[in-house]
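A.B. asks: no sequence on this one, just coordinates:
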């Protein structure tokens, strides 16, 4: 246990940091019942909210950092308690007093990388556009149809660079006039904000907004649900409003308009995973399924937990940067659900999900081989 905010009443500090809705909680326990953590170990969001309600100054530092901000409990809460806001408020207080869990050292490294290079993976800023070197992708200039905001993982992670390349190929095939920011692009800041680092989030957001305005950007296309969420719902806090579009929405639109034709076949059994920040947080469920439904030969099988009940991969809330013991990884459960659905391919649209599911799929038996793909990779295969 750690002492947090000794100089002030913790209840007032939580209110100041955006967690005021905790006062509506009447301890029904529904949040604990639906939390994915309780499929692998014991965890109580209700307990954290109760501690906040009574202004307790001693809070378990490990439990404070466990929430993946998946959004399952706020959508089910009968009292309108926003557990995510309350949890992030606690983390802001913890960050203020340097109270971190034992496994948070990687987050401190991420902070250093974000501060110096504008990305969470430790890559050099000048190499942010290296994924596009041989793909005839242009720097964004005013008047282009779309700015493709690539994001950290698609810019630097070797596996996710394949998704960026697939996206570029689709846009080019459809004749979309688009460009990228390259070294001028910074992390969107969504995940670092969820770890409680509000100052760094604001710095990253302002740098991106400045780059957008200077180049006359009007429409932003993203491949990460986390980028989508923060551009659409959090950047307006800075009194700006850019049109934001997720890649699955654009692909569905391009197909409907006849700008993109799917000529090949994909004769495989596929299941689709709804990322938390695309589905529960932003309500995008239909567009990816519409795209998959237009692909010849593809058989779509839904998993046990689908759409608003989708089982989180465990990477949100900054947890993609924290070590999670194997026995606590509910990504393993999700991969098992895909196998049980009879899928040969698990398709999603989130770099965190792909990273976690790929790791989990390594433990499957040989007769349970499961490919992990981004939606764009499936589309590119049938162009």
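C.D. replies: Thanks, I have the structure now. These numbers come from a predicted model, not from an experiment. Residues are numbered from 1 along each chain as shown.

A.B. asks: from here on, contacts and neighbour counts on C-alpha atoms
C.D. replies: Noted.

A.B. asks: number of nearby residues for the residue lying closest to residue 50 once chain neighbours are set aside?
C.D. replies: Distances taken as Cα to Cα, 6 or more residues apart in numbering place residue 27 nearest to residue 50, at 7.4 Å, with adjacent residues excluded. For residue 27, the count of nearby residues is 14 (other Cα atoms under 10 Å).

A.B. asks: pretty sure residue 27 is touching residue 46, no?
C.D. replies: Yes - applying Cα atoms under 8 Å as the test, residue 27 and residue 46 come out as touching, 6.3 Å apart.

A.B. asks: show the pLDDT at the residue nearest to residue 50.
C.D. replies: Per-residue pLDDT puts residue 27 at 82.

A.B. asks: helix, strand or coil for it?
C.D. replies: coil (DSSP: H, G, I helix; E, B strand; the rest coil).

A.B. asks: next, give phi and psi for it.
C.D. replies: phi 60, psi 40 (degrees, to the nearest 10).

A.B. asks: so which helix or strand takes in the residue minimising distance to the centre of the chain?
C.D. replies: Centroid-nearest residue in the chain: residue 226, 3.7 Å away (criterion: Cα atoms, centre = their mean). With elements taken from DSSP states H and E, the one containing residue 226 is helix 225-229.

A.B. asks: what's that helix packed up against?
C.D. replies: helix 190-194, strand 243-246 (3 or more Cα pairs under 8 Å, 6 or more residues apart in numbering; DSSP states H and E).

A.B. asks: what average pLDDT does it get?
C.D. replies: pLDDT averaged over helix 225-229 gives 98.

A.B. asks: pull out the buried positions in that helix.
C.D. replies: 225-229 (16 or more other Cα atoms under 10 Å).

A.B. asks: what about the closest residue in space to residue 194 that isn't next to it in sequence, which SS state?
C.D. replies: With Cα to Cα, 6+ apart as the criterion, residue 194 has its nearest non-adjacent residue at 5.0 Å, and that residue is residue 317. With three-state DSSP as the basis, residue 317 sits in coil.

A.B. asks: residue 317: neighbouring residues, count only.
C.D. replies: 25.

A.B. asks: now stretch 128-144: average pLDDT?
C.D. replies: Mean predicted lDDT for stretch 128-144 stands at 96.

A.B. asks: what's the end-to-end length of that stretch?
C.D. replies: 20 Å (Cα to Cα, to the nearest Å).
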